[in-house]
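**Q** Next come a sequence and a model predicted from it.
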Amino acid sequence: MRLITGPLSMFGRKVEIALAEKRLDYALETVPFSLETFYAPIHPDVARINPKHQVPVLQDGDLEIFDSTLIFDYLDHAYPEFQLWPDAPRDRARAKLTDLKADEVFFPAVQMFMPHKASGFDDTARTKGTWIMQTQYAEWDAQLRASNPYLHDSFSYADIAVFMAQHFATFFGHGPSDELSAFQAWKTRMLTRTSVARVLEEISMFLAQAGQ
């Protein structure tokens, strides 16, 4: 198994955490990346496999797939030990909805505050983006109050998705309020997981080397 990803890819880091949680052996290939040119030139295998030219890309034998959520689904079906989606159909649907909100509702709002994208959004858009993030934080805090210790009773892909999305939001100055005590306790709990701590250390090392 081979994972192609980038040092600051939120979606790639999600997959790294998942692979570690499932105790799977894989070869990690980190594509060239800089804060000036980003992923240019695009890694040839990424360009060939993903029409969007984005990481992560997973290769497992003759299977080549992309998109972190699709990769999550594949891993749980192909390698069912240490399952990370809930068993019951309704619970699984709820967890996948949380993953979707992290990726496609919350994270686009985070991107409005990234230096290389901020100029594309006006104050009205950024105000809405802030509201979206704070609304999601409050929703996740309420979920955690009802289902401690994790977002869906047991640790799942949903926890990985939300944790990485909020980590990038916090880095860009839009972290959760200290008043959201259930969410803050969950963050602390997440940091005790070896898979999560290792990924955050790798991100910090890359940023330090890049002078950030």
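**A** That came through, no problem.
**Q** who touches stretch 186-202?
**A** With Cβ atoms under 8 Å, 6 or more residues apart in numbering as the test, stretch 186-202 has contacts from 7, 13, 16-17, 20-21, 140, 144, 148-151, 155, 159-160, 163-164, 166-167, 176. For glycine as for every other residue, the C-beta is placed from the backbone atoms N, C-alpha and C.
**Q** Now the terminal residues of stretch 30-50, how far apart.
**A** 16 Å (Cα to Cα, to the nearest Å).
**Q** again but with stretch 153-162, I slipped
**A** 15 Å.
**Q** What residues sit buried inside it?
**A** F155, S156, Y157, A158, D159, I160, A161, V162 (16 or more other Cβ atoms under 10 Å).
**Q** mind putting those residues in JSON lines, secondary structure and pLDDT included?
**A** Putting those into JSON lines (DSSP: H, G, I helix; E, B strand; the rest coil; pLDDT from 0 to 100) gives the following:
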{"residue": "F155", "secondary structure": "coil", "pLDDT": "96"}
{"residue": "S156", "secondary structure": "coil", "pLDDT": "97"}
{"residue": "Y157", "secondary structure": "helix", "pLDDT": "98"}
{"residue": "A158", "secondary structure": "helix", "pLDDT": "98"}
{"residue": "D159", "secondary structure": "helix", "pLDDT": "98"}
{"residue": "I160", "secondary structure": "helix", "pLDDT": "98"}
{"residue": "A161", "secondary structure": "helix", "pLDDT": "98"}
{"residue": "V162", "secondary structure": "helix", "pLDDT": "98"}
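**Q** What is the nearest of those residues to F206?
**A** F206 lies nearest to I160 out of the buried residues of stretch 153-162, by Cβ to Cβ, at 19.2 Å.
**Q** one step back: are any of the contacts of stretch 186-202 buried, and which?
**A** For these, buried by 16+ other Cβ under 10 Å: 7, 13, 16-17, 20-21, 140, 144, 150-151, 155, 159-160, 163-164, 166-167, 176.
**Q** For the longest helix belonging to the chain, name the packing helices and strands.
**A** Looking across the chain with DSSP state H, the single longest helix is helix 123-147. Helices and strands touching helix 123-147, as assessed by 3 or more Cβ pairs under 8 Å, 6 or more residues apart in numbering; DSSP states H and E, comprise helix 89-101, helix 107-111, helix 157-171, helix 181-191.
**Q** same thing but at 6 Å, please
**A** Under the contact criterion of 3 or more Cβ pairs under 6 Å, 6 or more residues apart in numbering; DSSP states H and E, helix 123-147 touches helix 107-111, helix 181-191.
**Q** quick one: low-confidence parts of the protein?
**A** Applying pLDDT under 70 to the chain flags the ranges 35, 118, 211-212.
**Q** In the record's domain split, what are the boundaries for it?
**A** 2-82, 89-193 (automatic domain parsing).
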